[in-house]
Structure formats: C-alpha cells, structure tokens
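K.L.:
Provide a 3D model corresponding to the input given below.
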Amino acid sequence: MMLLYQLNKPRLGALLSIIGLMLCLTACGTKPIPYSQSTDAPEPSEVAVAHYNWGMGYAEQGNFGQAITELTLAIQNEPGWVMPFFALGVIYGNQGELDRAIQAWERAAQLDADFAKAHYNLAVAYSHKEEKILSIASLREAIRVDGAALAAAKTEPAFDLIRNTPEFQELEQSAEEKQTQEQ
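P.N.:
So this is what the prediction gives:
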C-alpha cells in the first residue's frame with residue numbers, strides 16, 4: 001500500500017487502469033469464446049481456437065510474450081476472428097503499450113462493429129492518450145451498442161479528463177434520453 005502513496009496521481013491512474021485491464025483479461029479466461037459478438041459469424045478453425053486458448057492460458061499465467069505469440073498465430077490462422085484481436089489489445093494495454101492496444105482494438109471493432117467492449121476499451125485508451133475527440137467517438141459507439149457502457153463511463157477514472165467537456169455531457173444526455181424513450 002505504501003507504493004500507492006508514493007505514486008503521483010497520473011501514475012496511480014495508470015496503475016489502476018492496468019489493474020482494470022487485467023481484470024478484464026481474467027474475465028475473458030479460457031472459456032469458449034464466440035467467433036464474433038455478432039451471431040451470424042462462422043466458427044473459427046480448430047487450429048486458431050487452439051492457439052487462442054493457449055494464448056489465454058499463457059496470459060493468465062502472466063507469460064505475456066508467449067501469449068502474444070499464440071494470439072498472433074490465432075490471427076494468422078483466422079484473420080477475421082475478433083477475439084484474438086481483443087485479447088491482444090488487453091495484453092498490450094496491461095503492458096502499457098497503448099498504441100499497440102489501440103491498433104488491436106480498432107481491428108476488433110472493424111471486424112465486429114457491435115463489439116461494445118472493443119469500443120469501450122478504445123475510448124479508455126484514447127482518453128489516457130488525451131485524444132479526447134477519439135475517446136468520445138469510441139465511447140459513443142460503445143453506448144450505441146450497449147447502454148450499460150454509459151453507467152461504466154460515469155465512474156471510469158480514465159474519463160476524468162473528458163467527463164466535464166460539453167461533448168461528454170452531450171453524449172450522456174442523448175444516451176439518457178434514448179434510454180427514456182425506449183422505456
């Protein structure tokens with residue numbers, strides 16, 4: 001705990017973000033993962049699934065280098081499979097390599113435009129890079145797909161930089177109006 005007191009606020013925020021990303025990675029686990037968030041996507045090949053599962057296993061053990069290798073092999077075998085890109089982004093994010101994480105999550109979002117977690121993670125990563133416009137745009141997409149993203153965004157420390165901007169407040173207001181209309 002003494003370490004947390006010695007960290008300055010930006011480093012503490014980065015540490016907490018990394019911990020959050022690690023929790024997301026742990027939540028993914030080695031459970032069977034769909035090819036895509038969309039229901040009409042074909043199943044990946046057995047080889048790609050094997051590499052993906054090995055990669056997730058290595059990630060859970062903290063062997064991120066080997067996890068990256070296996071996930072990359074899964075992508076080479078199934079370049080249209082969303083989940084290895086998403087997991088790769090989480091690993092890169094855990095290592096503080098935001099540019100690589102963003103690249104992986106952008107590809108996941110391209111492959112499945114309705115993958116809310118990819119859009120949300122992009123919003124968090126862009127916020128950490130202080131790219132407010134891209135962060136808001138990605139958050140807007142996450143909320144479009146899953147309204148629960150708004151509730152998460154209201155408390156996400158990464159959005160402290162954008163939470164008081166007119167763009168964030170407009171996004172929040174329009175999402176709440178949409179939820180009210182749907183009820």
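K.L.:
Report all helices and strands that the strand or helix carrying residue 175 contacts.
P.N.:
Using DSSP states H and E, residue 175 maps to helix 166-182. Packed against helix 166-182, as judged by 3 or more Cβ pairs under 8 Å, 6 or more residues apart in numbering; DSSP states H and E, are the following elements: helix 132-145, helix 148-155. Bear in mind the C-beta positions are built from the backbone N, C-alpha and C, glycine included.
K.L.:
Please repeat the previous calculation with a cut-off of 7 Å.
P.N.:
Under the contact criterion of 3 or more Cβ pairs under 7 Å, 6 or more residues apart in numbering; DSSP states H and E, helix 166-182 touches helix 132-145.
K.L.:
May I see the buried residues of the helix it packs on?
P.N.:
Along helix 132-145, the positions that meet the burial threshold by neighbour count (16 or more other Cβ atoms under 10 Å) are 132, 134-143, 145.
K.L.:
do the same with stretch 108-122
P.N.:
Using 16+ other Cβ under 10 Å as the burial criterion, the residues of stretch 108-122 that qualify are 108-109, 111-112, 115-122.
K.L.:
Secondary structure and pLDDT added to those, as CSV?
P.N.:
Rendered in CSV, the data for the buried residues of stretch 108-122 read as follows (DSSP: H, G, I helix; E, B strand; the rest coil; pLDDT from 0 to 100):
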residue, secondary structure, pLDDT
108, helix, 96
109, helix, 96
111, helix, 94
112, coil, 94
115, coil, 95
116, helix, 94
117, helix, 95
118, helix, 96
119, helix, 97
120, helix, 96
121, helix, 96
122, helix, 97
